[in-house]
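Q: take this sequence and fold it.
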Amino acid sequence: MLFGLLCEIVPAKFLVLSGVAGQIGTLIILVTTSSFPWMIVQEVTEGSGSAAQLLFFAYVFQLVPRDEYQKIASYVASSSLFSNVLSPLIGQLAVIFLPLSSLMYISLGLAALNLLVGLFLPTGRPTTPPPPGYPHRPLRPHAGHPSQSPPPFPPPS
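A: Residues are numbered from 1 along each chain as shown. Model prediction:
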């Protein structure tokens, strides 16, 4: 919820990248320590990373034209779901050949690469509320609109 409120003030790109940094922090903690206080910090960094993933759609909304958003967002969502299905399968196969610590370092390297690439992405347009009186033209009811339908019962005489 905090990231959603911050998205109104701070550009979504920054919040998405801070979420990636949270994921990197999580992996660093998991690789370097196993003490209980650090595991509490790890929960916070993991939570910030997960919260920022949802803001990626706000970032996409800022980058693409409004009429293209639904199509682009569906591409992003489907690729995210595909990766969520594929990554555990690849992980199960990789654990056969590599120790878990090596896989954590690979994940850490890929997350760092993700952050590096994200730094070069464009910054989206600022999120501003619509102006008063938006939309500027009156809406015309379409053919299926209730005002275009005949009354359900004949008027009383």
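
Q: pLDDT score for residue 25?
A: Note on residue 25: pLDDT of 90.

Q: check residue 130 too.
A: Looking at residue 130, its pLDDT reads 50.

Q: tell me the buried residues in the helix or strand harbouring residue 29?
A: Secondary structure from DSSP states H and E places residue 29 in helix 12-32. Within helix 12-32, the residues that qualify as buried are 12-30, counting by 16 or more other Cβ atoms under 10 Å. In short, each C-beta sits where N, CA and C put it, glycine included.

Q: for the record, mean pLDDT for the helix or strand following that helix?
A: Using DSSP H and E, the helix or strand that directly follows helix 12-32 along the chain is helix 36-63. The average pLDDT for helix 36-63 rounds to 84.

Q: name the next helix or strand downstream of helix 36-63, please.
A: helix 69-97.

Q: let me see the mean pLDDT of that next one.
A: Helix 69-97 comes out at a mean pLDDT of 89.

Q: could you say what helices and strands that helix packs with?
A: In this structure, helix 69-97 packs against helix 36-63, helix 100-119, with contacts taken as 3 or more Cβ pairs under 8 Å, 6 or more residues apart in numbering; DSSP states H and E.

Q: out of those, which is the most enclosed?
A: Mean neighbour count (mean count of other Cβ atoms under 10 Å) peaks for helix 36-63 among the helices and strands packed on helix 69-97, with a mean of 16.

Q: and it with helix 100-119, angle?
A: Angle, helix 36-63 to helix 100-119, by axes from the mean of the first three to the mean of the last three Cα atoms, to 10 degrees: 30 degrees.

Q: relative orientation of helix 36-63 and helix 12-32 in degrees?
A: Using the same axes, to 10 degrees: helix 36-63 against helix 12-32 is 150 degrees.

Q: by contact count, what packs against helix 36-63?
A: The elements that helix 36-63 packs onto, with contact taken as 3+ Cβ pairs under 8 Å, 6+ apart, are helix 2-6, helix 12-32, helix 69-97.

Q: what's the spacing between stretch 32-41 and its chain's center?
A: Stretch 32-41 sits 27 Å away from the centroid of its parent chain (Cα atoms, centre = their mean, to the nearest Å).
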